[in-house]
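[1] kindly return the folded structure for what I paste below:
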Amino acid sequence: MTDLTFAGPRTRVSRYPDAERQPTLDTWQDAPHSKWAFAHVSEYVPTAVIRQTPVDRAGTSNLAALATVGDIGARLEASHTDAFLVVRDGERIAEYRRPGFGERDGHLLMSVSKSLCGIVVGTLIDDGLIDAAETVSVYLPELADSAYGDATVQQVLDMTVAVDYDENYRDERSHVQAQDRIAGWRTRLATDPENTYDFLLQLRKSGSHGRRFQYCSADTDVLAWLIESVTGSRYADVLADRLWQPLGCDHDASITVDAAGFAFANGGISCTAGDLARVGRLMLAGGRIDGRRVVSADWVASTMAGGDVDAVQDLIIQDVHPNVSYRNQWWSTGNERGNVYAVGIHGQYIWLDPPTSTVIVKLSSCPEPVTADWNALHATLFRDVCAAVG
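    Below is the predicted model of the structure:
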């Protein structure tokens, strides 16, 4: 458990032990900040893993179970796959890793991270710490004057908050690029807010909430802040306590943090393909894994059922999945198979196929953010794989 000082259970994480303000990149080495920071250096300086044992980086291709999927190896290579794993009824039946990527190597999940955050919120709803029908300002009064003050927690989970936010990944003037800079993913500008907390405070409404789906990465970071507020712990710690450890994961995950130690919930998690598959198994099993209840069956059923199809308009994914919707930070295809998935913009996936109890994990490094062609390519690949195993 993170050793922090809080003003109350629903107050922003604001002070480190014996310190009047958050440490920064310039002050983390100085007392009293050093007491905390020396044990959490990765929150201020990029770090690399020093491995205890060698990692097999020869790559692997065990795709015999998918022999009926034409040119499966070539299709994986053409779609810039780093790791690919198919798990049916909890058993690994097919696996691929490119040369240079080891079984214990973590991979950035991008927006698959959002879906993991959704599960954590679900556990807090189960325990009565969050009421999804309440407005965000009930838990985070700091955000009362922001776009999120009068939005309900459920609207944030479903991304139906009307917020002035530009998700253009290639426009340096966009809000999403500003978040990248604040998170330490790009070179900061002098005009950027100091940290994610301050950034979220500045976002403003663009209309009435609950009417239309608007994909907005900042929504997930609001959920992470809310999680910190109701638990009194850092988001990374809650993620470990309520998801990673109950899942029985084999390896540590990681998440990037900004200058205030705010975890980049919307896209900053890295983990192995095998551990990510456990998330998919949890969802297909109604919130249980290896005999343990992690999140309620009701929460999983609501997520798997999908959201408001009519709220989704003018998305390129509708060319592939006409009945697509979004619920609890997960995508629902709305197709006859009930496929639900988590996705990151460069080809990271958890794909769930309920009819065959199959989880597909694909970790990729596609050179461009998701396009209509990439959506169609992956949907076809996953359909063919599920047909082969089913």
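[2] with I125 as the reference, measure out to the closest residue to R292 other than its chain neighbours.
    Nearest residue to R292, sequence neighbours excluded (C-beta to C-beta, 6 or more residues apart in numbering): P246, at 5.8 Å. Every residue, glycine included, has its C-beta placed from N, CA and C. Using C-beta to C-beta, to the nearest Å, P246 is found at 16 Å from I125.
[3] now do G210
    For G210, the distance to I125 - C-beta to C-beta - is 18 Å.
[4] then G268?
    G268 is 23 Å from I125, by C-beta to C-beta.
[5] okay, these two: which has more neighbours?
    G268 (23 against 20; other C-beta atoms under 10 Å).
[6] what is the neighbour count of the residue nearest to that one when sequence neighbours are not counted?
    Leaving aside its sequence neighbours, G268 sits nearest to T256 (C-beta to C-beta, 6+ apart; 3.8 Å). Neighbour count for T256, taken as other C-beta under 10 Å: 21.
[7] now swap in V340 and tell me
    26.
[8] tell me the bridge partners for it.
    Legend: beta-bridge partners of V340 under DSSP bridges are S332, L352.
[9] so it makes contact with G334?
    No. Counting by C-beta atoms under 8 Å, G334 is not a contact partner of V340; they are 9.6 Å apart.
[10] what sits in contact with each of those two?
    G306 (C-beta atoms under 8 Å, 6 or more residues apart in numbering).
[11] can you give me the helices in the stretch 151-300 of the chain?
    Using DSSP state H, counting those that start in this stretch, the helices found in the stretch 151-300 of the chain span residues 153-157, 175-182, 196-202, 217-231, 235-239, 245-247, 273-284, 297-305.
[12] repeat for the stretch 1-150 of the chain
    According to DSSP H, counting those that start in this stretch, the helices that the stretch 1-150 of the chain contains are 33-37, 72-78, 112-126, 136-139.
[13] okay, the first one in CSV with CA atoms only?
    Output of helix 33-37 as CSV, limited to C-alpha atoms (Å, rounded to 0.1, in the frame of the first residue of the first chain):
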residue,chain,number,x,y,z
HIS,A,33,10.4,14.4,-1.1
SER,A,34,13.2,12.0,-1.3
LYS,A,35,11.7,9.8,1.4
TRP,A,36,9.0,8.8,-1.0
ALA,A,37,10.7,9.3,-4.3
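[14] start at 272 instead
    Taking 272 as the first residue, the last one we looked at is helix 304-308.
[15] any idea of the mean pLDDT for it?
    Averaged over helix 304-308, pLDDT sits at 78.
[16] gap between it and the chain center?
    28 Å (C-alpha atoms, centre = their mean, to the nearest Å).
[17] residues of that helix that come out buried?
    Neighbour counts over helix 304-308 (16 or more other C-beta atoms under 10 Å) mark H304, W307, A308 as buried.
[18] what's the answer for stretch 632-651, then?
    Going by 16+ other C-beta under 10 Å, stretch 632-651 has these buried residues: V632, K633, L634, S635, C637, V641, W645, N646, L648, H649, A650.
[19] ok, these vs I560, which is closest?
    V632 (15.0 Å; C-beta to C-beta).
[20] quick check: that closest one vs A404, distance?
    Distance from V632 to A404, by C-beta to C-beta: 33 Å.
[21] and for S636?
    S636 is 40 Å from A404, by C-beta to C-beta.
[22] cool, K306 as well?
    40 Å.
[23] identify the residues contacting the nearest residue to D435 once chain neighbours are set aside.
    Nearest in space to D435, with sequence neighbours left out and distances taken as C-beta to C-beta, 6+ apart, is S477 at 4.5 Å. Neighbouring residues of S477 by C-beta under 8 Å, 6+ apart: A418, A433, V434, D435, Y436.
[24] then L334?
    Contacts of L334 by C-beta under 8 Å, 6+ apart are V340, I343, G344, A365, E366, Y367.
[25] tell me which two of the residues you listed sit farthest apart.
    Maximum distance among the contacts of L334 (C-beta to C-beta): 13.8 Å, for V340 and E366.
[26] now do the same for the residue lying closest to C487 once chain neighbours are set aside: its pLDDT.
    Take C487 and drop its neighbours on the chain: the residue closest to it by C-beta to C-beta, 6+ apart is Y436, 4.7 Å away. Y436 is assigned 98 on the pLDDT scale.
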